[in-house]
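> Fold the stuff below for me.
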Amino acid sequence: MANVRAVEGTFISYPFLEDGDTDTKVYNMTCTQLATDYNSSQVALDTPMTTAAQAGVIALPFSSDSGAYFVGDTGHTSIGGGMLSFTRTFANIPQSITIPSGSAFVTFPGISRTVTPSGALNATGVTMTPADLGITITTDAAHGLSEGSQVYLSMSYNIDLDPFIHQVAGQFIVIEAPTTTTFRIDIGHYWKQQVTITASNILLRQVDFTRPPTSINIATQTRYEYVLPGVSAGIGSVLDVELAKAFQGINISTGDPVTSLDNSTTIPSAANYITMIKNGHNITTEASLTKWAGNILLIKTKTCKAR
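From the prediction side, this is the model:
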């Protein structure tokens, strides 16, 4: 009774099954021992569960796992007769994973770029196809637009026979201009199947690609990465962990942060940032470091599409 024995109630959990990680295991051993013989430092944090002796138990209740590390004893409870019950836990270093993380208001940089607007355009039709993002607008004459151009669109529309009237108004980037009289933009309305769009009250024109710093409610995703200092390659201590920097434009001469981008004094330039938007690049909005279990650390990096 002086030694640690794994008893009934021992189990293996898979904490990230919902995220698609079927490999990461947490080994939970329900243990008993004479309370007077319990030694809180019997097993050092980060010790691998290679053998029963290293795990500090008489016998392992499951197969050994050298990729599972000791993260602590918890739930100490007196069970009478001078005996102590507690849970001894070993855990794998979880796999890295990126999952959707809702939406957030993100402030994007202002843009200063001079183009020559072509003025008002006359739209004659609005269509969509499930394979293409956004809607395709047809004009009655050459629109003069190209990929990356900016247009202002105000439009009312119905979907199929649904009487509900949708309204869209704002500036949008041209995703593609397949012909001189058609172009495609993303208005934020998505369909899984082919639908008929009946549009009315259409106001359409090319606009100069300029704006002040703009806060937009946008979808985000977060990458979860786990490291164990002294075990994970290149991470000797917590001080070796580098967090991603939030996206920030800088002045090319001074290195000072800027809130707006242009084509002569900033990195990235306004043109480069517009290309980032067009190509769907992700930018970092925030990052943090926390403890997950024992000495295993969690690095969270939240990103969103450049807008």
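
> and after the top strand by length along the chain, which helix or strand comes next?
The longest strand of the chain (DSSP state E) is strand 65-80. Heading C-terminal from strand 65-80, the first helix or strand you meet, by DSSP states H and E, is strand 83-92.

> Work out the gap between the helix or strand following that following strand and the centre of the chain.
Remark: after strand 83-92, the chain's next helix or strand is strand 97-108, criterion DSSP H and E. Relative to the chain's own centre, strand 97-108 is displaced by 6 Å; criterion: C-alpha atoms, centre = their mean, to the nearest Å.

> Strand 97-108 packs against which elements?
strand 214-227, strand 296-305 (3 or more C-beta pairs under 8 Å, 6 or more residues apart in numbering; DSSP states H and E). C-betas here are computed from N, CA, C, even on glycine.

> Of all the ones you listed, which one comes closest to Ser41?
strand 296-305 (19.1 Å; C-beta to C-beta).

> Just the CA coordinates for the closest one, please, in PDB.
C-alpha atoms of strand 296-305 as PDB (Å, rounded to 0.1, in the frame of the first residue of the first chain):
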ATOM      1  CA  ILE A 296       3.100  22.000 -22.200                       C
ATOM      2  CA  LEU A 297       2.500  25.400 -23.700                       C
ATOM      3  CA  LEU A 298      -0.200  26.600 -26.100                       C
ATOM      4  CA  ILE A 299       0.500  29.200 -28.800                       C
ATOM      5  CA  LYS A 300      -2.700  30.700 -30.300                       C
ATOM      6  CA  THR A 301      -2.400  32.800 -33.500                       C
ATOM      7  CA  LYS A 302      -5.600  34.400 -34.800                       C
ATOM      8  CA  THR A 303      -5.700  35.400 -38.500                       C
ATOM      9  CA  CYS A 304      -8.200  36.800 -41.000                       C
ATOM     10  CA  LYS A 305      -8.200  37.600 -44.700                       C
END
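
> Name the strands paired with that strand and say parallel or antiparallel.
Under the criterion DSSP bridges, strand 296-305 sits next to strand 214-227 (antiparallel), strand 282-293 (antiparallel) in its sheet.
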